[in-house]
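>>> Below is the sequence, then the predicted model.
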Amino acid sequence: QVHVMESGGGSVQTGGSLRLSCTISGLSFGVYPLGWFRQAPGKDREGVSCMGVSGYDTYYADSVKGRFTISRDNAKNTLYLQMNSLKPEDTAMYYCAAGDISCTRPRGSYWGQGTQVTVAS
């Protein structure tokens with residue numbers, strides 16, 4: 001059974017930073033593409049950042065380029081999202097996904113329950 005668990009969300013002021021973590025068990029972590037997605041109240045889920053198996057092929061939504069960095073540690077079965085210079089519009093529930101993912105047309109095979117990020121103005 002695949003288990004996906006996000007952590008690291010919280011409340012910060014504009015300009016602050018957070019680091020999200022996603023630990024995945026029950027699958028061969030190193031052979032799956034991974035991604036971070038978010039959904040704000042009343043809005044569709046959007047792909048924030050995705051990473052292929054190699055770790056070199058990455059995608060970032062235009063809204064987060066230059067501020068967010070995705071990384072993976074295959075030895076720890078963990079995906080990270082470093083978020084800097086946070087803005088109120090980054091406020092959302094953040095989800096981690098693995099498997100058949102797409103950031104441009106949000107989808108994934110395995111999903112976590114999400115971690116809330118709130119950025120105060």
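Happy to help now that I have it. Numbers count the residues shown, from 1 in each chain.
>>> centroid residue for this protein?
Geometric centre of the chain, nearest residue: residue 36, 2.3 Å, by CA atoms, centre = their mean.
>>> Can you give me the distance of that residue to residue 87?
Look at residue 36 and residue 87: by CB to CB, to the nearest Å, they are 16 Å apart. Using the backbone N, CA and C atoms, a C-beta is placed for each residue, glycine as well.
>>> got it, and residue 114?
Counting by CB to CB, the gap from residue 114 to residue 87 is 19 Å.
>>> And residue 56, by the same measure?
Residue 56 is 28 Å from residue 87, by CB to CB.
>>> The two - which one has more neighbours?
A direct count of neighbours by other CB atoms under 10 Å for residue 56 and residue 87 places residue 87 higher, at 15 against 7.
>>> could you pull out the strands for the protein?
3-7, 10-13, 18-25, 34-39, 46-51, 58-60, 68-73, 78-83, 92-98, 110-111, 115-120 (DSSP state E).
>>> which helices and strands sit right next to the longest one?
Read that as strand 18-25. strand 3-7, strand 34-39, strand 78-83, strand 92-98, strand 115-120 (3 or more CB pairs under 8 Å, 6 or more residues apart in numbering; DSSP states H and E).
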